[in-house]
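>>> build me a structure from this.
(one chain, ligands or ions: 2)
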Amino acid sequence: MQDTQLPVAPGKDASDFRNFAAEARDTVKEFYRLNHTHQTLDFVRDKKADYLSLSRKRMTVWEALEFLDTLVDDSDPDVDFTQIEHALQTAESIRRANQPRWFIVTGLVHDLGKILCLYGEPQWAVVGDTFPVGCQFSTACVYPEFFALNTDSTHPVYSTRLGIYEPNCGLDNVHLSWGHDEYVYHVVKNHLPTEALYALRYHSFYPWHKEGEYDYLANDQDREMLKWVRAFNRYDLYSKGDGRPDAKALRPYYEDLVNEFFPTPLQW
Ligand code: FE
Ligand code: FE
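Residues are numbered from 1 along each chain as shown. Ligands and ions are numbered 1, 2, ... in the order given. Modelled structure (predicted):
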């Protein structure tokens, strides 16, 4: 995986993305105030119990993509285009780098968990950077000062470094703040290879894949797969300034691709 295969959009520099401080969009800051206040271990367990039975809906990938076209992501300082355009841009940047087909389809579906908004979830329970709950919050998370508003930050167990976890227990055993990554992982987990599932499940886990935090909870498989999460992240992030994809022209290619990996509708 060569970084040189991952072009930053013309006229954009890597430092132009995820620039929370300079842009200082008030909606982004307010988003993280709510997110860090309400994402407690109990909240995450409740959402998992509610959603992960996948008994709400049966939908194709296309149906889910078309819904996403109506959504604007408050947590993202970089948005200027629709979600379906972002899905196609991400997939196309992976395709242009001659990556395998499973990786291209991963780009297409990676944000489909945002259909949680369809069920009336507030954006702070769907999008934004994720972080472990049930153990100490890291200052490497964006806007860490807002964790003081989270009741878990004074809990006798959840506020300790390990919290409810064993050292190196593996991320599969760690509860991350609830959002679209975990949801889409469960929806597609029987259809894609392990590398793809890591990219989907942890693409918003910036404290781990970007800041190198929480290694004490990771196991050897997590560390081995981290490179795929990072590779994916660069296509997700740096394709955002690319030209607008022609959804109509691209449709036949992506219909074939979706049919290859998801021949029948998915349970959501
Ligand atoms: Fe995402
Ligand atoms: Fe994305």
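
>>> contacts, neighbours, all on C-alpha from now
Noted.

>>> distance of the closest residue to Leu116 other than its chain neighbours from Arg161?
Excluding the flanking residues, the one nearest Leu116 by CA to CA, 6 or more residues apart in numbering is Val126, at 6.4 Å. Going from Val126 to Arg161 by CA to CA, to the nearest Å gives 25 Å.

>>> please identify which of the two sits among more neighbours.
Val126 (25 against 16; other CA atoms under 10 Å).

>>> could you report the neighbour count for Asn233?
22.

>>> relative to Pro156, how far out is it?
Distance from Asn233 to Pro156, by CA to CA: 35 Å.

>>> same check on His110?
Where Pro156 is concerned, His110 sits at a distance of 36 Å (CA to CA).

>>> more neighbours, the two?
His110 (26 against 9).

>>> ok, that one to Leu88 distance?
Distance of His110 to Leu88, given as CA to CA: 10 Å.

>>> next one: Phe67
Distance from Phe67 to Leu88, by CA to CA: 14 Å.

>>> settle it for me: which of those two has more neighbours?
The residue with more neighbours, out of Phe67 and Leu88, is Leu88; 25 against 16, by other CA under 10 Å.

>>> what kind of secondary structure is that one in?
On the three-state scheme (DSSP: H, G, I helix; E, B strand; the rest coil), Leu88 is labelled helix.

>>> which residue is the nearest non-sequential neighbour of it?
Distances taken as CA to CA, 6+ apart place Leu108 nearest to Leu88, at 5.9 Å, with adjacent residues excluded.

>>> what's the neighbour count on the one you found?
For Leu108, the tally of surrounding residues (other CA under 10 Å) stands at 26.

>>> tabulate the CA atom coordinates of the host helix or strand of it in PDB.
Using DSSP states H and E, Leu108 maps to helix 101-109. Written as PDB, here are the backbone C-alpha positions of helix 101-109 (Å, rounded to 0.1, in the frame of the first residue of the first chain):
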ATOM      1  CA  ARG A 101     -12.700  -5.500  -5.800                       C
ATOM      2  CA  TRP A 102     -13.600  -6.300  -2.100                       C
ATOM      3  CA  PHE A 103     -11.800  -3.000  -1.200                       C
ATOM      4  CA  ILE A 104     -13.700  -1.000  -3.800                       C
ATOM      5  CA  VAL A 105     -17.000  -2.300  -2.600                       C
ATOM      6  CA  THR A 106     -15.900  -1.500   1.000                       C
ATOM      7  CA  GLY A 107     -15.500   2.100  -0.100                       C
ATOM      8  CA  LEU A 108     -19.000   2.100  -1.600                       C
ATOM      9  CA  VAL A 109     -20.700   0.700   1.600                       C
END
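
>>> so where's the stretch 1-150 of the chain shaky on pLDDT?
Low-confidence segments of the stretch 1-150 of the chain (pLDDT under 70): 1-17, 19-24, 72-80.

>>> what ranges does this protein have for its strands?
Remark: strands assigned in the chain by DSSP state E are 58-59, 266-267.

>>> can you list the strands that the last one pairs with?
So the one you mean is strand 266-267. Strand pairing for strand 266-267, using DSSP bridges, gives strand 58-59 (antiparallel).

>>> how far does the partner strand sit from the chain's center?
With CA atoms, centre = their mean, to the nearest Å as the basis, strand 58-59 stands 21 Å off its chain's centre.

>>> contacts for it?
Applying CA atoms under 8 Å, 6 or more residues apart in numbering, the contact partners of strand 58-59 are Pro265, Leu266, Gln267, Trp268.

>>> all set, thanks.
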